[in-house]
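>>> Fold the following and give me the result.
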Amino acid sequence: MLTSLMKFSSIALAMLGLQLAANAQSLPTRQTPAAAAASAVRKADEAMKERINAWTVGLAGGLIEGAPLRLAAEIARVVNEEDKLHVIPIVTRGATENVNSLLYLRGVDAAIINTDALEEYKAQVPFIERRFVYLLSLFPSELHVFVRPEIRSLDDLRGKKVNFNTQGTAAAYSGPLIFSRLGLVVEKMFIPHQVALEQMKRGEISAVVFVTSKPVDAFLKGRWDPGFKFVAVEYDAKFEDYYLPSSIDATDYPSLVPKGERIATISVPTILAAYNWPQQSDRYRRVARLVDHLFSRLDKLQSPGFDPKWKDVNLRASVPSLERFRPAQEWLDRPQAMTTGPSQ
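Alright, predicted model coming up:
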């Protein structure tokens, strides 16, 4: 009997303790003014963080001194709109690094790249062309092979010293790749072009290779003895995957190319590309909004105060080996887009 009574007392006490605890939890707690203020600040911070990040697009540009980063900054200047879009240009180590960033770097949604930068990733990333889409072709970067008087053709450069500018530049990547496709073995150098051009005048280097949009100030403003010239690079099937045919003439370099003469070369398309995000994803919607803001405001980028290269941008220009981002194509297919000027 005593044992049963003790068990009953223990159970009753346990139940009473649980009830007291439950009652204690249900009682309203008084928040001090300081705690209430801190809570309000936290909520405001969270709301601000959500608002700022809602439409942020990371855009990989390139080297801080390069044209692609400047173009990325100008894109941001035109398309950014409070609470609607926030493009952040990102400094990288150049065109090849931009491909790497687009593949793997958190926060990067789009990038300015040279199309042939994809070549390096073919073995590492099968079907890499499916991982990217392009928004638009920005401008072509022409191949300039500038040589000394004794060099008459590309074949004369075999075994000679040729400078491809510093590592990380378009010339340092695309130049050797193009020479490899041509089967042209040279003694490659990677020093600043300003230094190389002076060495070239002294006969220490046979050629310099630029990969950039024409005209190039170094050739326009430099003084060159007779015989210094550009040599031709013919476009053929070996360049069809990433390159386009182009030329250099007297309108580009009146002191180096005789009037009426045309020197064949190739160009590397510089493009605004995006990762091929799933269609229903938040990142996809952000890039789609970038397209709408950029395409509808291209005329602002083509006005005074921005890089003159924007005037050569054609929204309808296609890019070898890549598909266009669907919202970009849909924008171009709209009736109002069909009636815009030739640049759009």
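>>> In the stretch 51-200 of the chain, where is pLDDT below threshold?
Scanning the stretch 51-200 of the chain for pLDDT under 70 picks out 95.
>>> Spell out the residue ranges of the strands in it.
For the stretch 51-200 of the chain, strands defined by DSSP state E, counting those that start in this stretch occupy the ranges 56-62, 86-91, 110-114, 132-147, 161-163, 187-189.
>>> most neighbours per residue, which of those?
strand 110-114 (a mean of 28; mean count of other C-beta atoms under 10 Å). Placement of C-beta: from N, CA and C, glycine included.
>>> In JSON lines, list the strands of the stretch 51-200 of the chain along with distance to I263.
Formatted as JSON lines, the strands of the stretch 51-200 of the chain follow (distance: least, C-beta to C-beta, whole Å):
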{"stretch": "strand 56-62", "distance to I263": "27"}
{"stretch": "strand 86-91", "distance to I263": "35"}
{"stretch": "strand 110-114", "distance to I263": "21"}
{"stretch": "strand 132-147", "distance to I263": "9"}
{"stretch": "strand 161-163", "distance to I263": "18"}
{"stretch": "strand 187-189", "distance to I263": "23"}
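>>> so which of these gets nearest T251?
strand 132-147 (13.1 Å; C-beta to C-beta).
>>> on that earlier part again, closest one to R316 among the strands of the stretch 51-200 of the chain?
strand 132-147 (8.7 Å).
>>> out of the strands of the stretch 51-200 of the chain, nearest to T270?
So among the strands of the stretch 51-200 of the chain, strand 132-147 is nearest, using C-beta to C-beta, at 4.7 Å.
>>> how far does that closest one sit from the chain's center?
12 Å (C-alpha atoms, centre = their mean, to the nearest Å).
>>> same for it, what does it pack against?
strand 110-114, helix 170-181, strand 207-212, strand 229-230, strand 244-249, strand 262-275, helix 282-296, helix 326-332 (3 or more C-beta pairs under 8 Å, 6 or more residues apart in numbering; DSSP states H and E).
>>> Can you tell me what sits against the fourth one?
This points to strand 229-230. Here strand 229-230 makes contact (C-beta atoms under 8 Å, 6 or more residues apart in numbering) with H144, V145, F146, V147, P149, I248, Y253, L256, V257, I263, T265.
>>> Report the central residue of this structure.
Geometric centre of the chain, nearest residue: I112, 1.8 Å, by C-alpha atoms, centre = their mean.
>>> For P226, state which of the contacts of strand 229-230 is nearest.
For these, with P226 as the reference and C-beta to C-beta as the criterion, the closest is P149, at 7.1 Å.
>>> can I get the contacts of strand 229-230 in a markdown table with distance to A117?
Formatted as a markdown table, those follow (distance: C-beta to C-beta, whole Å):
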| residue | distance to A117 |
| --- | --- |
| H144 | 19 |
| V145 | 20 |
| F146 | 23 |
| V147 | 26 |
| P149 | 34 |
| I248 | 23 |
| Y253 | 27 |
| L256 | 29 |
| V257 | 29 |
| I263 | 25 |
| T265 | 19 |
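>>> which stretch among the strands of the stretch 51-200 of the chain comes nearest Y284?
strand 132-147 (10.1 Å).
>>> What angle do helix 170-181 and the closest one make with each other?
If you take axes from the mean of the first three to the mean of the last three C-alpha atoms, to 10 degrees, strand 132-147 sits at 80 degrees to helix 170-181.
>>> Dump strand 132-147 to CSV, restricted to CA.
Extracted in CSV, the C-alpha atoms of strand 132-147 (Å, rounded to 0.1, in the frame of the first residue of the first chain):
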residue,chain,number,x,y,z
PHE,A,132,27.3,28.4,-72.1
VAL,A,133,25.0,30.6,-74.1
TYR,A,134,25.7,34.0,-75.7
LEU,A,135,23.7,37.2,-75.2
LEU,A,136,25.4,39.2,-78.0
SER,A,137,28.6,39.5,-80.0
LEU,A,138,30.4,42.6,-78.7
PHE,A,139,33.1,43.2,-81.2
PRO,A,140,35.8,41.3,-83.2
SER,A,141,39.4,41.3,-82.1
GLU,A,142,41.5,41.2,-85.2
LEU,A,143,44.7,39.2,-85.5
HIS,A,144,47.6,41.6,-86.3
VAL,A,145,50.9,39.9,-87.3
PHE,A,146,53.3,42.8,-87.6
VAL,A,147,56.8,41.9,-89.0
